[in-house]
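S.K.: Model the structure of this input:
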Amino acid sequence: MADAPIQPDANNMKSSMEIWAASKFIGRECASLNKAFYLCKRDKGEEPRACFAEGAKVLDCGNKVIGQLYEKHAGPYKAFQECLDFNDYRFSDCHKTEKALLDSWNSANNLKDFNGGK
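M.R.: Just a heads-up that it's a prediction; the model follows:
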């Protein structure tokens, strides 16, 4: 009997705007998990289930980061999403709202040098 296909959790799916606005935070906070997933996929090849556990950790981390953005930085996070939406996802047109979100994140996490990869 073949394994059932892996189904996404429809109750926990994020919009592209949520992910795009959080991408720099996810990239930073989930870097080691993303690397482990990448290395697993590289080493284990075409078998999609071979790295399921690593992939689940990446998704969990991304969801956790987005949850933190909503919980602790909702105003600047939503403003940045709206700016990106209005400007066809162009980061270059949203520096002011991005900076407000970065400042909020940095302040809450006692960070002085995280600028989202700029």
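
S.K.: In contact with the spatially most central residue of the chain, which residues?
M.R.: For the chain, the residue sitting closest to the mean C-alpha position, by Cα atoms, centre = their mean, is residue 26 at 3.5 Å. The neighbourhood of residue 26, defined by Cβ atoms under 8 Å, 6 or more residues apart in numbering, consists of 19, 61, 62, 65, 66. C-beta: built from backbone N, CA, C; applies to glycine.

S.K.: is it true that the last one touches residue 19?
M.R.: Yes: taking contact to mean Cβ atoms under 8 Å, the distance of 7.5 Å between residue 66 and residue 19 places them in contact.

S.K.: PyMOL command for the buried members of the contacts of residue 26?
M.R.: One line in PyMOL is enough to select the buried members of the contacts of residue 26, burial here meaning 16 or more other Cβ atoms under 10 Å:
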select buried, resi 61+62+65+66
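
S.K.: All set, thanks.
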